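**Student:** Sequence and predicted structure below; questions after.
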There are 2 protein chains.
Amino acid sequence: MANDSSPPSRPARRGFLKAGAATVAAGASLGTVGVAQAAAQAALGKTHADDPQLAVEPFFAPHQGGIVTPQQSHTYVVALDLTTEKRDDLIGLLRTWTDAAARMTQGSPAASLQTADDKSAPDSGDVLGLGAAGLTITFGFGPGLFTHEGKDRYGLASRRPAALVDLPRFNGDQLVAEKTGGDLFIQACANDAQVAFHAARQLARQAYGIAQMRWGQAGFLSGPRGQTPRNLMGFKDGTNNPSTQSAPLMNEFVWATSADTPWMQGGTYTVVRRIRITLEHWDQMELGFQEQVFGRHKYSGAPIGQKNEFDAVNLDAQDKDGNNVIPDNSHVRLSNHASNNGAQILRRSYSYNDGTNFYIERWPPWRQETEYDAGLIFIAHQSDPRTGFIPINEKLSKFDLMNQFTTHIGSAVFACPPGARQGSFIGAGLFET
Amino acid sequence: MANDSSPPSRPARRGFLKAGAATVAAGASLGTVGVAQAAAQAALGKTHADDPQLAVEPFFAPHQGGIVTPQQSHTYVVALDLTTEKRDDLIGLLRTWTDAAARMTQGSPAASLQTADDKSAPDSGDVLGLGAAGLTITFGFGPGLFTHEGKDRYGLASRRPAALVDLPRFNGDQLVAEKTGGDLFIQACANDAQVAFHAARQLARQAYGIAQMRWGQAGFLSGPRGQTPRNLMGFKDGTNNPSTQSAPLMNEFVWATSADTPWMQGGTYTVVRRIRITLEHWDQMELGFQEQVFGRHKYSGAPIGQKNEFDAVNLDAQDKDGNNVIPDNSHVRLSNHASNNGAQILRRSYSYNDGTNFYIERWPPWRQETEYDAGLIFIAHQSDPRTGFIPINEKLSKFDLMNQFTTHIGSAVFACPPGARQGSFIGAGLFET
C-alpha cells in the first residue's frame, strides 16, 4: 500500500485487500446488511397512501407498468444494443431482468445483498432505505432484436410484428446516432430521481457481456398532483390525451390490436424522441405568440377562445374576419385527432435537463454563448405507430409553428410486450413456438 | 400565414399576430392570470408542514438561504460572466435579482404575470401552481467581479476579500473551461426539479445584456428524510459534516470570520467542483474494497471496525498485525479534521446525471462504449477556502484511493455575501463607501 509521502499508484485491488484491514471489514459489513434491509422494510411498512416515496406499484400484471400508470415525477430511460449471438443469453437476460425488476419495484435491492465482501455487490446500494417511490420498469424490444445488419441472430426475424416499423426520416430531423435506436429498452419511472436511475443502472449492469448501453437519459415532470403538468415551455402538456381510465380508449389506441401477433397481445408500441427546446429563444417570445404556437392559452390551458383547460377544441371556430381562432399551424390543430383521421396516441413525456453546452457559430452574428441542453423526452404509446405517431409527426414536422423552437435529436421505437406472469419472464411469448 | 399545402417559412412574429386571431387571444389570456395565481395561493394556503412541495423558506434573513438550510432534494446551479462595463448595471441586476428571488422563494412568479400578450411574459410560467417547494436562492461573487483580465471594471478591485483566492491547480484536475469559473453564482435549491430550474432560468434571463450564462447544472439528492443521504457510489455522504444546528461550529467553520471584510460578515465562501464518477468501474469493485476506499462500511455508514454511522472515527485503531483499521489512503482518514489541523467545511453536495456519452479510445483495448455522464456536484461552504477546501483537497487529490474513480472536470469559487435586508439588495454592502 502506498504511504502518504508519494502519490499512490493504483493498487492491485486484491493485493490491497490482502495487505490492508480486510479481515476487520468483512464481518462488520455483512452484519449490517440485515439491519439496512430491516430499516427499509420498516419504512415501507408504514405506507401512507399519499406519500409518493412509499408508493408501491405491482410488477406482475396483464400490462407492463409505466404505460397507463399515473405518471411518476422522474424517469430514467435506457436503450441497449445486444452484443451476444446466443438466443439463450438473451432469454437468460430477460429472466434476470424480470426477477430484478420485480424485486426493485417492491422496494428491494436488485438482488440479495448477502454477499461476501470480496465480491462486487449485486446492487449499488444507493437507494437503501428510500422506499419503492412508485417505481415501474417497462421493457421494450427494438427492430435490432429481430434482425441486425441483415442477420437473424436469435431466430426471431419471422416473429417481428408488422407494427414495429423503422421510423421514417421526418422533416427537420437532426438525429444523433448515439442518442437514437437500440435493440432493448428500459424505462424506469419513480417519484424519486435516484430510485429511477438506480433501477436502470442495476439492469444495465446485469446485461454486461450480453448487451451494452447505447444511450441513457434522465427526465422529470412536475405538476400539481392530479392536474396536467406543464412542460418547460410553460404550457400544460397532455390535456388531450385519451383517458387511461377508459378501457375502450386504451384498447383502441394504446394496446396492440387483436390482429397483431399473439405475443404482443396486451403490449404496446412506444416511440421515444429526444426533443431539444431553445428555451432562451422561446422565453423572448410575446405571450400572445406563444399561445398562437400552441393553440392554447398559456395560464389556463384552455383552447384559444375558450375559458377552461378541458373545454372542447373547436377547430371550426372563426373570428369576425373569417380567420380560424385556433391558428392553422398551431400545435393543437395539427396534432388533434380530428386532423389525423381520428388517430390518438398516449403521450407520457418527461422534461430533461442536461445542464448547458457552449456553442460557437463562425458566421454572423458570430454567436458565442452557453445554452441550455434541455427539452422534452417525448414518449408516446400506441397500438400501431403506422396509424399513430408516424402520420401525426409527418404533419407536425412539416407544418407545426413550434418547430422553430424544437429540434428532434434522438429517436427510437420499441415493441413493449405485455406484463410478465409470476414464474415467467418479460417477452416470454416471443420465444414460444 | 402559411397554409397546410406547403411547409411554412418562419413567419414574422408581428405579422403573424396581426394576421391571426390575436385579438381573441388577448382578453382571454389576461383574464386567466388571476385565476392561476389564485389557485397557486390556495394550494399554498393549506401548507402541510410535512409536504415538501408546499414548504416555504424565508428570503430576507441575516444569512442567505441554501447554506445551512436543511438540504432540499434538487438544485440548479449557474455561473455567469459579466459582460457590462457599468457599475450601475451590476447594481441594477442585483436589485432585480433580489426582488425576483424574494418573490419566487415565496411561491410567486419572478415578476407579475399581468402583461399584455404582445410582450414576452416576465416568467416562463412552467411552475404555476406548484408551490414554493422549499426554494432557496443563494447568490455569490466570483473573482472576475473584482478584477477581469487585469481590469477593475466596477471600481471594486480593492474590495476583494483576501479569502476569495483563485483555486490552485490540484493534482489530477481535468478542468473543462466551459464548466469552470464565473463572475456571478446562483444556487437554486428546491424539493422539486422544475421549481429549482425555473428559478435559475428566470434569473439568468433577467441578466440578458449584463451577464451571460457560463455554465448551468442540475443536481439531485435522495435520502430517507432526516437521515444522511447516499451518493451515487452508494455510501452515505455528509456524516461528518459540522452540525448546522451548532452556532459555534457554524461561526468557526462556515461564516466569514470577524477579521474578514465588513461586507462579508454573515457570508460564506463556496467551492463548487463538478466531479465525474466512473460508476460502471465502481460497480465492479468488491464490496470490501469499496469500504477500504471510503474507510466506512457501506450499508451502515459506520467507520470501518465500528457498528453505527455516527460512531467516532478512530484513526489510531490498529488490527492485530499493527495495520491501521481505517486505511492510510481512505477518503475518511485523509479528509478527517484530525488529518487537517482541525479544518472543517460544510459539504452540501448533489448528485448529477446528464445521461450518457459515447467514448472511443483508439488504443488497447480499443474501448468503444457508452458511459454515464454522472457524478457529484460537490458544493462546500467555509469561512475561508485557504484553511478549508484548499489544504484538504491538496491532500485528497494526491493520496485519496477514490481518485481512481473520480475526475474533477469543473471548478469555481465564490464569495456569498450575507442575506439581504428587506428594501435592500444582495451584496449591497459591497457597494457602500
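**Tutor:** Received the coordinates, thanks.
**Student:** A:F378 is in what secondary structure piece?
**Tutor:** strand A:368-382 (DSSP states H and E).
**Student:** what packs against the following helix or strand past that strand?
**Tutor:** Next along the chain after strand A:368-382, taking DSSP H and E as the criterion, comes helix A:389-399. Packing partners of helix A:389-399 (3 or more CB pairs under 8 Å, 6 or more residues apart in numbering or on different chains; DSSP states H and E): helix A:331-335. (Each C-beta comes from the backbone N, C-alpha and C, glycine too.)
**Student:** For the strand holding A:F378, give the mean pLDDT please.
**Tutor:** When pLDDT is averaged over strand A:368-382, the result is 95.
**Student:** which helices and strands does that strand pack with?
**Tutor:** Using 3+ CB pairs under 8 Å, 6+ apart, strand A:368-382 sits against strand A:74-82, strand A:268-277, helix A:279-283, strand A:346-347, strand A:350-360, strand A:406-416, strand B:211-220.
**Student:** What pairs with the first one, parallel or antiparallel?
**Tutor:** The partner list of strand A:74-82 in its sheet, established with DSSP bridges, is strand A:184-190 (antiparallel), strand A:211-220 (antiparallel).
**Student:** Nearest to A:A428, out of the helices and strands packed on strand A:368-382?
**Tutor:** With CB to CB as the criterion, A:A428 lies closest to strand A:406-416 of the helices and strands packed on strand A:368-382, at 14.0 Å.
**Student:** now the closest one and strand A:368-382, what's the angle there?
**Tutor:** 30 degrees (axes from the mean of the first three to the mean of the last three CA atoms, to 10 degrees).
**Student:** Give me the below-cutoff pLDDT ranges for chain A.
**Tutor:** A:1-49 (pLDDT under 70).
**Student:** Now do the helices in it.
**Tutor:** A:13-19, A:22-45, A:87-105, A:193-206, A:247-253, A:279-283, A:287-294, A:331-335, A:389-399, A:428-431 (DSSP state H).
**Student:** Need those in a markdown table (columns: distance to A:F59 and mean neighbour count).
**Tutor:** Below are the helices of chain A laid out as a markdown table (distance: least, CB to CB, whole Å; neighbours: other CB atoms under 10 Å in any protein chain shown):
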| stretch | distance to A:F59 | mean neighbour count |
| --- | --- | --- |
| helix A:13-19 | 35 | 15 |
| helix A:22-45 | 15 | 17 |
| helix A:87-105 | 4 | 19 |
| helix A:193-206 | 11 | 26 |
| helix A:247-253 | 19 | 15 |
| helix A:279-283 | 36 | 19 |
| helix A:287-294 | 37 | 26 |
| helix A:331-335 | 33 | 23 |
| helix A:389-399 | 27 | 20 |
| helix A:428-431 | 14 | 19 |
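**Student:** Tell me which of the ones you listed lies nearest to B:P262.
**Tutor:** helix A:279-283 (37.7 Å).
**Student:** That closest one and chain B, any residue contact?
**Tutor:** Yes: against chain B, helix A:279-283 shows contacts by CB under 8 Å from any CB of the partner chain at A:L279, A:E280, A:W282, A:D283.
**Student:** Excluding sequence neighbours, find me the nearest residue to A:A101.
**Tutor:** A:I137 (4.1 Å; CB to CB, 6 or more residues apart in numbering or on different chains).
**Student:** so what's that neighbour bridging to?
**Tutor:** A:A188.
**Student:** what's near enough to touch it?
**Tutor:** Each residue near A:I137 by CB atoms under 8 Å, 6 or more residues apart in numbering or on different chains is listed here: A:F59, A:Q64, A:G65, A:G66, A:A101, A:M104, A:T105, A:I186, A:Q187, A:A188, A:A199, A:L203.
**Student:** Please apply the same query to A:D51.
**Tutor:** A:D51 neighbours (CB under 8 Å, 6+ apart): A:G131.
**Student:** can you check the one 4 residues further on too?
**Tutor:** For A:A55, the contact set (CB under 8 Å, 6+ apart) comprises A:T47, A:G131, A:A132, A:A133, A:G134, A:N191.
**Student:** In those, find the pair that's most separated.
**Tutor:** Longest span within the contacts of A:A55, CB to CB: A:T47 and A:N191, 13.0 Å.
**Student:** between the two, which one's more packed in?
**Tutor:** Set A:T47 next to A:N191 and count neighbours by other CB atoms under 10 Å in any protein chain shown: A:N191 wins out with 20 against 15.
**Student:** hang on, that one packs against A:T75?
**Tutor:** No: counting by CB atoms under 8 Å, A:N191 does not reach A:T75; the two are 10.7 Å apart.
**Student:** returning to that earlier point: and the angle from the strand holding A:F378 to strand A:350-360?
**Tutor:** Using the same axes, to 10 degrees: strand A:368-382 against strand A:350-360 is 150 degrees.
**Student:** List the buried residues in strand A:368-382.
**Tutor:** A:370-382 (16 or more other CB atoms under 10 Å in any protein chain shown).
**Student:** how far out from the middle of the chain is that strand?
**Tutor:** On the basis of CA atoms, centre = their mean, to the nearest Å, strand A:368-382 sits 13 Å off its chain's mean C-alpha point.
**Student:** Show me what it pairs with in its sheet, parallel or antiparallel.
**Tutor:** Counting by DSSP bridges, strand A:368-382 is paired with strand A:268-277 (antiparallel), strand A:346-347 (antiparallel), strand A:350-360 (antiparallel).
**Student:** Thanks a lot, catch you later.
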